[in-house]
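> 3D, please:
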Amino acid sequence: MTQAKFVSTTHNNKSVRYIEADLDAIKVESIEGKSVEKSGKYGVNGTFFWGSSLLGVAVNRTSNGRSAPVMTGGDKTSAIIVNKKSYVTKRGTMYCFNPPAGRIIFDDKPVVNYLDYPESSTSNVVWAIGGYSLYPWKKYKSETEYYDAINGHGDSTKLPTENTENAYRFGPKSNNARTAIGYKFSHQDGKKIILAVFSSESAYGVHEFMAGLGCTSAVMLDGGGSSQIRYKSGGKDGFWCPKPDPTMRVVHSMVTVNPTKWV
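Okay, the predicted model is just below:
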């Protein structure tokens with residue numbers, strides 16, 4: 001039996017809503033151009049997209065027991081085009097592996113293709129989702145040190161750096177609606193996935209929050225109007241999009257929660 005629960009709280013005096021779920025309740029899925037609310041599924045929006053193609057990794061195990069992208073583009077991180085030049089960049093990608101030794105979570109391996117992770121294969125990747133590494137396990141002396149770690153040293157106009165996880169194009173210092181996925185483990189509660197949506201936060205604020213919950217791995221997913229969460233609370237369905245478009249934005253991938261029971 002798997003369980004999930006919904007929590008509404010605040011961080012830095014701003015609203016945060018999250019789902020804490022057993023690891024085995026989690027999947028990565030395509031929702032074929034619907035909003036999270038209209039998908040009929042519980043969970044949060046997934047990776048970045050453009051049009052109907054994904055720009056980051058979104059992979060799930062299929063019915064034949066092999067992993068595959070949930071839709072076009074989901075097997076790899078897209079290049080960034082600036083001034084008509086294409087830069088191959090990596091994105092932090094959270095993996096759920098199922099090797100013979102047991103299930104393990106990783107997020108702090110920036111990759112281009114989801115099979116770039118050492119020893120990954122279509123037989124041992126249960127799911128994978130791409131975003132930007134938050135490194136909740138690491139303590140930083142300052143916010144500046146954190147941004148240097150995820151961005152390199154420079155300002156928001158600096159060009160991407162080939163073959164690195166370069167986040168200059170997503171405005172990590174600005175406050176915006178954000179979505180994140182994290183993993184934590186305790187001997188009392190076991191393996192848990194946290195799916196959080198923030199009303200307005202910087203990347204560092206998201207890092208602090210996920211670390212504060214005890215996450216040892218976390219990545220930030222698509223944000224802004226794409227940040228959406230659907231959950232069950234008190235036996236009733238709930239939905240929240242902190243920065244809705246005039247018409248609710250459709251997204252193309254979700255990290256879904258499929259528990260036996262909501263508590």
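
> how about Arg17, what does it touch?
With contact taken as CB atoms under 8 Å, 6 or more residues apart in numbering, Arg17 is in contact with 6-9, 196-197, 229, 231, 240. The C-beta positions use only the backbone N, C-alpha and C, and glycine is treated the same way.

> for the stretch 101-250 of the chain, what spans make up the helices?
Secondary structure of the stretch 101-250 of the chain (DSSP state H, counting those that start in this stretch): helices at 143-151, 203-212.

> mind putting those into CSV with mean pLDDT, mean neighbour count and distance to Tyr87?
Listed next are the helices of the stretch 101-250 of the chain as CSV, based on pLDDT from 0 to 100; neighbours: other CB atoms under 10 Å; distance: least, CB to CB, whole Å:
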stretch, mean pLDDT, mean neighbour count, distance to Tyr87
helix 143-151, 80, 17, 14
helix 203-212, 96, 22, 20
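
> quick one: pLDDT of the most centrally placed residue in the chain?
Centrality entry for the chain: nearest residue to the mean C-alpha point is Leu221, 3.7 Å, by CA atoms, centre = their mean. pLDDT recorded at Leu221 is 96.

> poorly predicted segments of the stretch 151-263 of the chain, please.
Applying pLDDT under 70 to the stretch 151-263 of the chain flags residues 151-158, 166-170.

> sorry, back to before: just checking, the residue nearest to the centre of the chain touches Ala177?
No. Counting by CB atoms under 8 Å, Leu221 does not reach Ala177; the two are 11.2 Å apart.

> okay but Val250 is in contact with Ser35, surely?
Yes. Counting by CB under 8 Å, Ser35 is a contact partner of Val250 at 5.6 Å.

> okay, these two: which has more neighbours?
Neighbours were counted for Val250 and for Ser35 using other CB atoms under 10 Å; Ser35 has more, 21 against 18.

> now the more buried one. Nearest residue, chain neighbours left out?
In space, and not counting its chain neighbours, Ser35 is closest to Met248: 4.3 Å by CB to CB, 6 or more residues apart in numbering.

> which residues touch that neighbour?
Neighbours of Met248 in contact, by CB under 8 Å, 6+ apart: 35, 37-38, 241.

> kindly report the same for Thr256.
Going by CB under 8 Å, 6+ apart, Thr256 touches 26-29, 41-43.

> helix or strand right after whichever helix or strand it is part of?
Using DSSP states H and E, Thr256 falls within strand 251-257. Scanning forward in sequence from strand 251-257 by DSSP H and E, the next helix or strand is strand 261-262.

> what's the neighbour count on the residue lying closest to Gly205 once chain neighbours are set aside?
Nearest residue to Gly205, sequence neighbours excluded (CB to CB, 6+ apart): Asn12, at 5.7 Å. The tally of other residues near Asn12 (other CB under 10 Å) stands at 13.

> do Val88 as well
By other CB under 10 Å, the residues close to Val88 number 14.

> picking up where we left off before, so for Asn163, which of the helices of the stretch 101-250 of the chain sits nearest?
Judged by CB to CB, the one of the helices of the stretch 101-250 of the chain that comes nearest to Asn163 is helix 143-151, at 15.3 Å.

> contact partners of that closest one?
With contacts defined as CB under 8 Å, 6+ apart, helix 143-151 is touched by 132-135, 138, 140, 165-168, 172-173, 203-204, 207.

> and if you look at stretch 95-110?
With CB under 8 Å, 6+ apart as the test, stretch 95-110 has contacts from 23, 26, 90-94, 114, 117, 119-120, 124-128, 133-135, 137, 164-165, 181-183, 191, 217-219.
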